[in-house]
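Colleague: requesting a structural model of the entry that follows:
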Amino acid sequence: MYRKGLLIVLILAVETATACQSVAVMEETTVLGRADHNASGSHTRSLIPTIKVLLQSLGIQLSDFQGLAVSIGPGSFTGLRVGLATLMGFRLVTGAPLVAVPTLEAMAWNLYGAKLPLCPTLRARVGEVYWAQFTWRDNRLVRLSEDRVGPLTSMAASIKEPTVIFGEGLLVNRQEVLSLLGPLGDEPSSDVMAASAVSVALASLSLLKEGKVVKRGMSPRYVQLPEAELQLARRVQGTSPSSLGK
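Modeller: The predicted model follows:
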């Protein structure tokens, strides 16, 4: 049974919100092993084998973990379901506490201690991105906005001060972002652009130690409706997607 204040030693973290599947084994803030690869369309087939190979290479068993951490979105609908279902299954088998970390919040840990506000982004539909804004204060991550989704113009309009914009949403829309905001100044290196299981684990540490864990079933944080539901809404006379909620 997990008790508030328990010292977390070994954490298994999974990030499946994007095509880049990421798995990490952490001892507190130390990376013992990680596996990152492009799993576009294949999270279902590749996640458990990837975890198995990584644990075997480290000589670690699933029962050794004192904490589990998973990214819950926004992001790929299928990927998020696979990651969450897998870690919830591991929780059931091992009894280890599970923390669900918002994907954009985890991405802010890619730039721990940054001096400027951060705006991590993820690709959504064509011409749209997911984004949120954060800042680091006294080594503590502070959320400045909720997770949002919308056109690039909306994201640009939300930027009111010098801000580090990074992530998949920037990489696939660079020219459009530059045309809206002008030169972005010093951009982060390519190794911090992707969502990472290491950052999911780092973001989970304080939550695990405070006992803020998943206690029952949980759904991914989608922020917007799946395309199938949007198409259904368009076919229903007098019903708009917005009336169905986000």
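
Colleague: residue boundaries of the helices in the chain?
Modeller: Taking DSSP state H, the helices of the chain run over residues 43-58, 77-94, 103-108, 152-158, 168-171, 174-181, 197-209, 227-235.

Colleague: nearest to R143, out of those helices?
Modeller: With respect to R143, and counting by Cβ to Cβ, the nearest of those is helix 103-108 at 6.9 Å. Quick note: C-beta positions are derived from backbone N, CA and C, even for glycine.

Colleague: name the helices or strands packed onto the closest one?
Modeller: Applying 3 or more Cβ pairs under 8 Å, 6 or more residues apart in numbering; DSSP states H and E, we find helix 103-108 packed against strand 118-123, strand 128-131, strand 134-137, strand 140-143, helix 197-209.

Colleague: nearest to V9, of the helices of the chain?
Modeller: That would be, of the helices of the chain and by Cβ to Cβ, helix 197-209, which comes in at 10.6 Å.

Colleague: circling back: how about the helices and strands packed on helix 103-108 in CSV, adding distance to A85?
Modeller: Converted to CSV, the helices and strands packed on helix 103-108 look like this (distance: least, Cβ to Cβ, whole Å):
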stretch, distance to A85
strand 118-123, 20
strand 128-131, 21
strand 134-137, 28
strand 140-143, 26
helix 197-209, 16
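
Colleague: model confidence for the spatially most central residue of the chain, exactly?
Modeller: Centroid-nearest residue in the chain, with Cα atoms, centre = their mean: T103, separated by 1.9 Å. For T103, the pLDDT comes out at 97.

Colleague: from now on call the first residue 710
Modeller: Got it, first residue is 710 now, which makes that one T812.

Colleague: my read: it touches A903, true?
Modeller: No. Contact criterion Cβ atoms under 8 Å: T812 and A903 do not qualify, at 11.1 Å.

Colleague: tell me which of the helices of the chain sits most buried.
Modeller: Comparing these by mean neighbour count (mean count of other Cβ atoms under 10 Å), helix 812-817 comes out on top with a mean of 28.

Colleague: tell me the domain boundaries of the chain?
Modeller: Domain segmentation of the chain under automatic domain parsing yields 719-813+903-930, 820-900.

Colleague: span of stretch 814-833 from start to end?
Modeller: Stretch 814-833 has its terminal residues 17 Å apart, counting by Cα to Cα, to the nearest Å.

Colleague: once you drop chain neighbours, what's closest to M864?
Modeller: Once flanking residues are discounted, M864 sits nearest to W840: 5.0 Å by Cβ to Cβ, 6 or more residues apart in numbering.

Colleague: list the contacts of the one you found.
Modeller: 813, 828-831, 856-858, 864, 867, 878 (Cβ atoms under 8 Å, 6 or more residues apart in numbering).

Colleague: at 7 Å what do you get?
Modeller: Taking Cβ atoms under 7 Å, 6 or more residues apart in numbering, we find W840 in contact with 813, 828-830, 857, 864, 878.

Colleague: for it, list each beta-bridge partner.
Modeller: With DSSP bridges as the criterion, W840 is bridged to T830, R857.

Colleague: how near is it to W818?
Modeller: With distances taken as Cβ to Cβ, to the nearest Å, W840 is found 16 Å from W818.

Colleague: got it, and I781?
Modeller: 15 Å.

Colleague: worst-scoring helix or strand of the protein, pLDDT-wise?
Modeller: helix 936-944 (a mean of 55; mean pLDDT, DSSP states H and E).

Colleague: now W818. Nearest residue, chain neighbours left out?
Modeller: Once flanking residues are discounted, W818 sits nearest to S908: 3.9 Å by Cβ to Cβ, 6+ apart.

Colleague: how about the one you found, what does it touch?
Modeller: 815-816, 818-819.

Colleague: which ones are touching the residue nearest to the centre of the chain?
Modeller: Counting by Cβ under 7 Å, 6+ apart, T812 makes contact with 726, 780-784, 831, 904.
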